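Enquirer: Sequence and predicted structure are below.
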Amino acid sequence: MISLETNARIIRIILDIAAEELTLEITRQELTQHPHFVPYSVFQRIDRKCVGYIRVEDLKNFLM
């Protein structure tokens, strides 16, 4: 059995993750309302080697 302190920490982590997911979802919904946002165009800009999926390297290059 885990200690109460460990249990509290786990709960806090889960709550923090849930709060961030909610923030991300709100941001996603706002983004979809932007008239010039085209998800496939964003995907293509990140997938510079045109492999059909996004790799960690692609994200690093995109963010630099």
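Expert: On my side now, so go ahead. Just so it is clear, the structure is predicted and the values come from calculations on it, not from any experiment.

Enquirer: tell me the domain boundaries of the chain?
Expert: Domains of the chain are assigned by automatic domain parsing as 1-33, 36-64.

Enquirer: okay, those domains in TSV with mean neighbour count next?
Expert: C-beta: built from backbone N, CA, C; applies to glycine. What follows is these, written out as TSV (neighbours: other C-beta atoms under 10 Å):
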stretch	mean neighbour count
domain 1-33	10
domain 36-64	10
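
Enquirer: now the ones you listed in CSV, with mean pLDDT?
Expert: As requested, those are exported to CSV (pLDDT from 0 to 100):
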stretch, mean pLDDT
domain 1-33, 96
domain 36-64, 94
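
Enquirer: what about the spatially most central residue of the chain, helix or strand, and which?
Expert: Residue closest to the average C-alpha location in the chain (C-alpha atoms, centre = their mean): Leu24, at 6.9 Å. Leu24 is part of helix 4-32, with elements assigned from DSSP states H and E.

Enquirer: now for that helix, which elements pack on it?
Expert: The contact analysis (3 or more C-beta pairs under 8 Å, 6 or more residues apart in numbering; DSSP states H and E) places helix 4-32 against no helix or strand.
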